[in-house]
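Visitor: Any chance you can model this:
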Amino acid sequence: MLDMERKSPEYWKNMGNEFFQKGRYPVAIRCFVKALHLDPGYLEAWNNLGFTYKKMGKTEEARRCNEKVREIKKIREQ
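Guide: Numbers count the residues shown, from 1 in each chain. As a prediction, this is how the structure comes out:
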């Protein structure tokens, strides 16, 4: 069962959230990126990745994540 969970983008997003809460931002970023590798259109993972970058002071990376969120939302509205 655990192997199946690890293949889930939700699993990696949730792990990222846990590391974020603990202030372990670089590990959280790796988890969010893994979630996005599994599901490139995962809005929550993009949003959380951008927020994590912002917390780390990486404004350019955060801006790119926010642009991706807007792009995905625009596509879904069509």
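Visitor: can you give me the strands for this protein?
Guide: Assigned by DSSP state E, the chain shows no strands.
Visitor: any idea which helix or strand of it has the worst average confidence?
Guide: Within the chain, no helix or strand scores below helix 2-6, which has a mean of 71 by mean pLDDT, DSSP states H and E.
Visitor: which residue sits closest to Val69, ignoring its sequence neighbours?
Guide: Leaving out its chain neighbours, the residue that sits closest to Val69 by C-beta to C-beta, 6 or more residues apart in numbering is Trp46, at 5.0 Å. In this view, the C-beta of every residue, glycine as well, is placed from N, C-alpha and C.
Visitor: Read off the pLDDT value for the spatially most central residue of the chain.
Guide: Among the residues of the chain, the one closest to the centroid is Ala45, at 2.7 Å (C-alpha atoms, centre = their mean). Ala45 carries a pLDDT value of 98.
Visitor: so where's the chain uncertain?
Guide: Residue ranges of the chain with pLDDT under 70: 1-2.
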